[in-house]
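*Asks:* build the 3D model from these lines:
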Amino acid sequence: MPKPRQKSKGSVKKIFLTIGIVLLFLAGIGGGYAFYLYKSTSDMVSGSFEETGREEEKSDLRDKPVDPVEDNVSILFIGVDDSEHRDQEDTRSDALLLATFNQEQNNVKLLSIPRDSYVYVPEVGYNTKINHAHAFGGTRAAMETVEEFLQVPVDYYVRMDFNAFVDVVDAVGGIYYDVPYEFKESNSDDERDSIHLYKGYQHLNGEEALALARTRKHDSDVARGKRQQELLMTIAKKATSAESVLKIDDAIGAVGDNMSTNLTFPEMRGFLSYGLDQNVEMETINLDGSGGYSQSGAWYYYVRDESRQEVASTLRNHLEIEDSEEVTDYASQKETQQSASY
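*Replies:* The predicted structure is shown next:
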């Protein structure tokens, strides 16, 4: 069974930074500044637009292209490390979060997928860690792998690198967060143990927030995913708060320089309908499982099939598409199919 789900109410502009920037215009900002931000956001989205290369730019699990204004849709948020000292042609995803939006219910479900989850990657035709999919075939391969894993259509993606995360947090003046334990972590330049945080509620700058999002030295991949969910919501809430209004232009610039998406600006505007209802609800979902070594010696996170089946059904029902019982049981195949330690 999936682990307990936590619910929180409030405008959806408090949930996702990218969409939150668009929804900022609902906050009653002065006309001239609102128009300037509107144009800045439009330019940012236009400059970040990148097609997936899929036929008709739609999921194979859809009969026709979707429209956020009329349809229930999904977005895959992909966090990667594209810093200059790494090979950008060989970039694994460091965070995967799948969000589904339901128009009639006016709510959002957010699933964190552990980066070491053992899955079938269609791009290469065998089972390995889900975070390898992006390295094998970019955003399209990552989207197709998530679809194969859950049999849930992935309509859109938002891909952001670590520079965007750091710059956005700094642009809004940092965030406050309850750090769960003392730890040391590398910074965005991979300088070992350069970030040292102590347990407790405190102010974090961009590098410190990134270190907290990345670390998993004292807990699990699942706990790390939950922490990333919480950090994204905290950052988005700060970015769309009244105190950050005059800083939002810097945040837009930080996102635009370090983001790619197949969302057009008109499609992004379609999410405004969620922000008009102050009773919109957001629910976080997590997959249950356990870590272990395969016969090849590689460490994987094996999602329990019962948990994955239930999560998959929940997301399909949320999108109001026909449920399916044909979700592959990877756990039973983990020692019989080819796998790669990569």
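*Asks:* what stretches of the stretch 1-150 of the chain score poorly on pLDDT?
*Replies:* Filtered on pLDDT under 70, the stretch 1-150 of the chain yields the residue ranges 1-41, 82-90.
*Asks:* the stretch 151-300 of the chain now?
*Replies:* Applying pLDDT under 70 to the stretch 151-300 of the chain flags residues 239-240, 242, 244-249, 251-257, 272-280.
*Asks:* do you have the helices of it handy? List them.
*Replies:* 162-171, 206-214, 221-239, 248-257, 265-269, 272-275 (DSSP state H, counting those that start in this stretch).
*Asks:* burial count for S48?
*Replies:* Neighbour count of S48, defined by other Cβ atoms under 10 Å: 21. The C-beta positions use only the backbone N, C-alpha and C, and glycine is treated the same way.
*Asks:* pretty sure it sits against M259.
*Replies:* Yes: counting by Cβ atoms under 8 Å, S48 does reach M259; the two are 4.7 Å apart.
*Asks:* still on that earlier bit, could you dump the helices of the stretch 151-300 of the chain into CSV and include distance to V311 and mean neighbour count?
*Replies:* Below are these laid out as CSV (distance: least, Cβ to Cβ, whole Å; neighbours: other Cβ atoms under 10 Å):
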stretch, distance to V311, mean neighbour count
helix 162-171, 26, 23
helix 206-214, 22, 23
helix 221-239, 13, 20
helix 248-257, 28, 20
helix 265-269, 26, 18
helix 272-275, 22, 19
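*Asks:* contacting residues around K58?
*Replies:* Taking Cβ atoms under 8 Å, 6 or more residues apart in numbering, we find K58 in contact with K64, P65, V66, D155.
*Asks:* burial of the third one, as a residue count?
*Replies:* The number of residues packed near V66 is 21, by other Cβ under 10 Å.
*Asks:* my read is that it contacts V154, right?
*Replies:* No: in this structure, V66 is not within contact of V154 by Cβ under 8 Å, at 10.9 Å.
*Asks:* so which of the helices of the stretch 151-300 of the chain gets nearest N106?
*Replies:* Distance to N106, taken as Cβ to Cβ, is lowest for helix 272-275 among those, at 6.1 Å.
*Asks:* distance of the nearest residue to G289 once chain neighbours are set aside from L150?
*Replies:* Closest residue to G289 apart from its sequence neighbours, by Cβ to Cβ, 6 or more residues apart in numbering: V303 at 4.0 Å. Distance, V303 to L150, using Cβ to Cβ, to the nearest Å: 10 Å.
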